[in-house]
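A.B. asks: coords please:
(chains A, B and C)
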Amino acid sequence: MTDLLWVIPALPFLGFLVLVFAGSRLSTSAVAAVGVGSVGLSAVLTLVLGAGFLSSPPPDGALRVTIAEWMSAGGFDVRFGLYLDALAMVMLFVVTFVGSWIHLYASEYMRTDPGYARFFAYMNLFVAAMLVLVLADSLPLLFLGWEGVGVCSYLLIGFWYQDDANARAAVKAFQVTRVGDAAMAVGLLLLFAHLGTLDIQPLLAAATAEWEIGTVAASIAALLLLGGAVGKSAQLPLQTWLPDAMAGPTPVSALIHAATMVTAGVYLIARMHPLFLLAPEVQVLVGIVGALTLLIAGFSALAQTDLKRILAYSTISQIGYMFVALGVGSWHAAIFHLFTHAFFKALLFLGAGAIINAVHHEQNIHRMGGLRTELPLVFWTFLIGGASLAGLPLVTAGFFSKDLILWGAFSAPIPAGNVLWAAGLLGSFLTGLYTFRMIFVVFFGAAHGHVHERPGVRMRTTLLVLAAFAVVAGYLETPHLLGHITVFSHFLASAVPVVEASEAVLASEPLALAVAVMVSLAALAAAWFLFLERRALADAIAESGVGRAVGRFWLSGFGFDRLYHWLFVAPFTVLAERNRSDVVDVLYGAIAAISRGLHYVLRTSQTGRLRWYAASVGVGAVILLMLLIRP
Amino acid sequence: MVTAFYIASAMAIVSTALAVSRTNAVHALLYLVLSLISVAVLFLLLGAPFVAALEIIVYAGAIMVLFVFVVMLLNLGRAGEQQERRWMPPRAWIGPALIGAALLAELAYVLPGLPALGQEGAMAVKPVAIAMYGPYLLGVEAAALLLLAGMVGAYHLGREPDKEARR
Amino acid sequence: MTAVPIGHALLVAGVLFSLGLTGLIVRRNLLFMLLSIEVMLNAAGLAFVVAGSAWGQPDGQVMFVFILTTAAAEVAVGLALLLLMNRRFDTLDTAAASSMRG
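C.D. replies: Predicted structure coming up:
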């Protein structure tokens, strides 16, 4: 079982290699077979491995495999090693399973694109890098995967690079995440400097042994790792890249910017949870960042008109929830929400892709409408996904995972817990509001355009499968009141600590649950009222002076792009303009100029006259003799 | 012996100075021959009869004669003499004289204070011959090759150019 | 007999060499330059013989023979070149052959 672990990331990587070198010579179906097949096989292997893992759990909870030595210099020793515990198992399942369904969808969605082979090459490379990230047993290897997914994100966002806007979006994504990556790299250096190793488990053991709770070094390291997570997961203050990343093809948005890459930050914090437990202030900060982000993104999503941008802000918001869970120490809740979110968000994106394709690449929701009758399957699956996102009680996975987070915030012993809980509730209301706004505007009402293309078999199958999971995946973990199923947290218990609330707090669980249910239903009702029944009222609010100003503010994502432009881009551009003639270049130019000057001076000694040369020899001999005779 | 040495030295120096500064080529050559003969005398006085003979035979007798042949070939004449006079006004001597003098001064600084000379028994031909065909055999062979090269080179360079163009 | 101080003998060689060098630099006619070179070679040879005499070894004379050989070969080739130059430039002025200017 252990021997096959390395095959899981190797298969997509092999797929990448094949497609890079031979992709242009293969037919479309061959490319699809390689591209989808490699990830699909990885998924099958994951399921096999998972079954084995469940039936006979390995000792001390994890499988370890060392493949080869990477580098060894001084005290710095890194190997290519894989570490599979319950946490990695969950991530593995999400990446490969959801990934292979998305690949299948993409094989039909992208079939007319001239860069078909290139697309699948990049997608396979992405999956390989993500798997390396998840399976890494040491932080450098994790960082390798981390950077790998960043590169693939850049390549895939800018897939249609011929359009300048896409290329710019790709560069923006890369640059913003780079800021986070830099922080993370500094964090890694700090950890190595203090603890002498970067292998994850030994490092965490050393940290808990050596550092007291509240040690400065632990706090700084945790803060820096948070910086990296914030960049990759598009949280405050590095969230500006994700809405623009929608410039990439829809399957890319589904895979990278919903299900997998953006969750890497959550995974990192969950993986390094002992470090965060040593730095309680930073952990609270994680929660605060999550809460702020989920609110900002929630409001922004409400004002968007582009279908994919709504979903992008929604993703930012939902990851905010995961950060809140991490902040209050509910590690399993964060991972559970990651798990369910992958299904319903991918479903929503793929559904959006089908919609956009159907209405001839129109992405403005106000120019759609009445698609309920034209695209019934898409409508129902999208509805299921949206309901899951909004956390419709009892019947959707999203309800259970979000409720678990809210419960975690409510029951957490820290003082900030209640604030976070309130923010989560408000966010839940917003989520329901913007989700159903989206659904009602797109699928109900009068039709504006007409449908060109209906999704094919592969796309429909994928939507159905994901919809099924978006419903049932939640039943792995239910609250005390509703059956108290703890399959998920029990599985994860070997990797992350699961904290049970005290008896006193447990008593108020029914109340908390009721409040959550009411909020989500209220959101549905409000959306129904505003966007279906009394559209005129909603339009009037939007058109009013205040409404317009606020709407603009929310549309721009709370003005962060403007802020960053003013803070970073503009000064840099001004400085670059001033330094047009490049001060540093003058130095190098000076070297050349001096060289040239010397050349002209020495040139005069080449007179071409024989007697001059003879005289030079004589003078030279005289001088040499003088130097020799001197002492 | 010693006085003879100094007289011969003086002769060599004076005749060399004259040789170098004449405007008439033939005059210069003849003065140089005189200088070479003086140096041969010096060799004799230093107890090296073999090279003294060689100096006269080869240097004065062959090399200088070669020079004379070439001068005759060139047929410089009066025009050549005038040209030389034009090229060598007195002020042209200043720079070169300075360089030469500087060199001489350095040599003069270093050279005296070395031990005396004049071993018993002149170095006759036999030891020289044994040395040449013993340890210095390779040098002798090389010198022979050099002469061959010089001969071939001189022949080739001195040929009349072909009537028809080769290329 | 009183010996000749070796320093004086070498000094004579030095004087002859300096004269040759001066002549080389000052003269413009190639023939006289070759002449000055011969003077310098001769002076070097004198120095060798003096040294050999000082040590009481035949090596100095052997060296002189080598120098002589070299001078002979060099004169042959040099004079041939001189004739060629005369044929080409119609003059023996070394300033005429200065196209290799810096």
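
A.B. asks: what about the stretch 301-450 of chain A, any weak spots by pLDDT?
C.D. replies: Residue ranges of the stretch 301-450 of chain A with pLDDT under 70: A:449.

A.B. asks: which single residue in it comes nearest to chain C?
C.D. replies: Distance from chain C to each residue of the stretch 301-450 of chain A (C-beta to the nearest C-beta) is smallest for A:Ala312, at 69.2 Å. The C-beta positions use only the backbone N, C-alpha and C, and glycine is treated the same way.

A.B. asks: for that residue, give me its contacts.
C.D. replies: A:242-243, A:245-246, A:253, A:257 (C-beta atoms under 8 Å, 6 or more residues apart in numbering or on different chains).

A.B. asks: how many other residues sit next to B:His156?
C.D. replies: 10 (other C-beta atoms under 10 Å in any protein chain shown).

A.B. asks: can you tell me the closest non-neighbouring residue to it?
C.D. replies: Spatial nearest neighbour of B:His156, excluding adjacent residues (C-beta to C-beta, 6 or more residues apart in numbering or on different chains): C:Ala80 at 8.0 Å.

A.B. asks: doesn't B:Ser35 make contact with B:Phe60?
C.D. replies: No Phe there; residue B:60 is Ala. No - under the criterion of C-beta atoms under 8 Å, B:Ala60 is not in contact with B:Ser35, lying 9.1 Å apart.

A.B. asks: more neighbours: the two, which one.
C.D. replies: B:Ser35 (27 against 19).

A.B. asks: give me the buried positions along the host helix or strand of B:Val65.
C.D. replies: B:Val65 is part of helix B:64-74, with elements assigned from DSSP states H and E. Neighbour counts over helix B:64-74 (16 or more other C-beta atoms under 10 Å in any protein chain shown) mark B:64, B:66-67, B:70-71, B:74 as buried.

A.B. asks: now do whichever residue of chain C sits closest to chain B against C:Phe64, distance only.
C.D. replies: Going by C-beta to the nearest C-beta, chain B is nearest to C:Ala73 of chain C, at 3.0 Å. For C:Ala73, the distance to C:Phe64 equals 15 Å [C-beta to C-beta, to the nearest Å].

A.B. asks: which residues does the closest residue to the residue of the stretch 301-450 of chain A closest to chain C other than its chain neighbours contact?
C.D. replies: Nearest residue to A:Ala312 in three dimensions, chain neighbours excluded: A:Pro243, at 4.6 Å (C-beta to C-beta, 6+ apart). The contact partners of A:Pro243, by C-beta under 8 Å, 6+ apart, come to A:309, A:312-313, A:316, A:557.

A.B. asks: same check on A:Val324?
C.D. replies: A:287, A:290-291, A:294, A:405, A:409, A:420, A:423-424.

A.B. asks: do that again at 6 Å, thanks
C.D. replies: Counting by C-beta atoms under 6 Å, 6 or more residues apart in numbering or on different chains, A:Val324 makes contact with A:287, A:290-291, A:409, A:420, A:424.

A.B. asks: verify the assumption that B:Arg159 is located in a strand.
C.D. replies: No - B:Arg159 is assigned coil when assessed by DSSP: H, G, I helix; E, B strand; the rest coil, not a strand.

A.B. asks: neighbours of it, how many?
C.D. replies: Neighbours of B:Arg159 (other C-beta under 10 Å): 10.

A.B. asks: for it, give its distance to C:Leu83.
C.D. replies: As judged by C-beta to C-beta, B:Arg159 and C:Leu83 stand 10 Å apart.

A.B. asks: do the same with A:Arg372
C.D. replies: From A:Arg372 to C:Leu83 the distance is 111 Å (C-beta to C-beta).

A.B. asks: how about C:Arg101?
C.D. replies: On the measure of C-beta to C-beta, C:Arg101 and C:Leu83 end up 25 Å apart.

A.B. asks: who's more crowded, those two?
C.D. replies: C:Leu83 (17 against 9).

A.B. asks: name the element the more buried one belongs to?
C.D. replies: helix C:59-89.

A.B. asks: spell out which parts of chain A neighbour chain B.
C.D. replies: A:618, A:622, A:625, A:629 (C-beta under 6 Å from any C-beta of the partner chain).

A.B. asks: which SS class is A:Thr66?
C.D. replies: Applying three-state DSSP: A:Thr66 is strand.

A.B. asks: just give the nearest non-adjacent residue to it, would you?
C.D. replies: In space, A:Thr66 is closest to A:Gly81, 4.4 Å off (C-beta to C-beta, 6+ apart).

A.B. asks: surely the one you found is within a strand?
C.D. replies: Yes - counting by three-state DSSP, A:Gly81 falls inside a strand.

A.B. asks: what count of nearby residues applies to it?
C.D. replies: Other residues lying near A:Gly81 total 20 when counted by other C-beta under 10 Å.

A.B. asks: for A:Ile269, see how far away it is.
C.D. replies: Using C-beta to C-beta, we find A:Gly81 at a distance of 21 Å from A:Ile269.

A.B. asks: what of B:Ala28?
C.D. replies: B:Ala28 is 100 Å from A:Ile269, by C-beta to C-beta.
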